[in-house]
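Colleague: predicted coordinates and the sequence they were generated for:
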Amino acid sequence: METWTPYCGAGPSPADIWSRWNLDPLLLGALALIAAWLWITAPTRRGLAFAAVAALLVSFVSPLCALSSALFSARTLHHVLLTSLAAPLLAWALPPVERAKGLALSTLAFATVFWIWHVPAFYGAAMSNDGVYWLMQASLLLSATLFWRSVRNAPAPAGVAALLATTVQMGLLGALLTFMPRALYAPHALTTVAWGLSPVEDQQMAGLLMWIPAAGAYLAAALVLLGRQLRGMATVAAR
């Protein structure tokens, strides 16, 4: 039987979850460097910058890191925090750039990265090798941040279209995981029982999380952009 050695360690039980903080000095040093870089590069939006760092701390330092070794649903929550919270906070904290092309490419790149890391073989590799694990995390965060920055810099109609496309693709993946009749992710085959879940039930929870609240975040952002565009048009018309 294959042995899984995820970066965050073996999956914890409910009895010891709150003792499983990740105090890896290399990780803490990297997060400190990110915080210092954001302090310098985002002087007018430090609140957003440090909210992004807080999301990264929850993802990688809190017991959620260990829990994601036990439950695929916790791993999904981990990825939602990276791509739907930390990434947009970073995108809006960093100084804006001139409006540029590339929204379609960044939307496609983010979707591609997101789906690739949910292929069971690639997911299993990330759960058994620290280098692949960090490649997964870095590519998700980077592609999501570039996507959100592209949305920020794009005209409102294009941004709404990109957000709606992302809502659809993320909802589709969530639906597939929810209705899949068998568990796909071998690293969690023996780690969910301690939490009162079968691997299929854990996968269904992950799918519902991705399908509704995660995809809903992109839909909500699209509605906000659309609302601003309509209010702007109404203001122009009133003048």
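Modeller: All right, it came through fine. Numbering: from 1, shown residues only.

Colleague: which parts of the helix or strand bottoming out on mean pLDDT in the chain are buried?
Modeller: The weakest-scoring helix or strand in the chain, judged by mean pLDDT, DSSP states H and E, is helix 215-238 (a mean of 81). Within helix 215-238, the residues scored as buried using 16 or more other CB atoms under 10 Å are 215, 217, 218, 219, 221, 222, 225, 226. C-beta: built from backbone N, CA, C; applies to glycine.

Colleague: just checking, the first one touches residue 171?
Modeller: Yes - the pair residue 215 / residue 171 is scored as a contact, 4.0 Å apart, by CB atoms under 8 Å.

Colleague: is it true that residue 137 touches residue 81?
Modeller: No - contact criterion CB under 8 Å: residue 137 and residue 81 do not qualify, at 11.0 Å.

Colleague: skipping its backbone neighbours, what lies nearest residue 22 in space?
Modeller: residue 65 (4.6 Å; CB to CB, 6 or more residues apart in numbering).

Colleague: where in this structure is pLDDT low?
Modeller: 1-3, 98-101, 232-239 (pLDDT under 70).

Colleague: what ranges does it have for its helices?
Modeller: Using DSSP state H, the helices assigned to the chain run over residues 25-41, 46-60, 64-70, 72-81, 87-93, 103-116, 120-126, 130-153, 156-179, 199-209, 215-238.

Colleague: closest one to residue 189 among these?
Modeller: helix 199-209 (5.5 Å; CB to CB).

Colleague: so which elements touch the closest one?
Modeller: helix 72-81, helix 156-179 (3 or more CB pairs under 8 Å, 6 or more residues apart in numbering; DSSP states H and E).

Colleague: could you redo those helices as CSV and give each row mean neighbour count?
Modeller: Converted to CSV, the helices and strands packed on helix 199-209 look like this (neighbours: other CB atoms under 10 Å):
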stretch, mean neighbour count
helix 72-81, 24
helix 156-179, 19
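
Colleague: pipe the ones you listed into CSV and attach distance to residue 54 per row.
Modeller: Formatted as CSV, those follow (distance: least, CB to CB, whole Å):
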stretch, distance to residue 54
helix 72-81, 10
helix 156-179, 23
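
Colleague: out of the ones you listed, nearest to residue 109?
Modeller: It's helix 156-179; of these, that one is closest to residue 109 (CB to CB) at 11.4 Å.

Colleague: helix 72-81 and that closest one, what's the angle between them?
Modeller: 170 degrees (axes from the mean of the first three to the mean of the last three CA atoms, to 10 degrees).

Colleague: so which elements touch helix 156-179?
Modeller: helix 103-116, helix 130-153, helix 199-209, helix 215-238.

Colleague: list the buried residues of the third one.
Modeller: Taking 16+ other CB under 10 Å as the neighbour-count basis, helix 199-209 is seen to contain the buried residues 199, 202, 203, 204, 205, 206, 207, 208, 209.

Colleague: ok, now stretch 90-103?
Modeller: Those would be 90, 91, 92, 93, 94, 103, for stretch 90-103 by 16+ other CB under 10 Å.

Colleague: OK, contacts around the third one?
Modeller: Taking CB atoms under 8 Å, 6 or more residues apart in numbering, we find residue 92 in contact with 45, 48, 148, 152.
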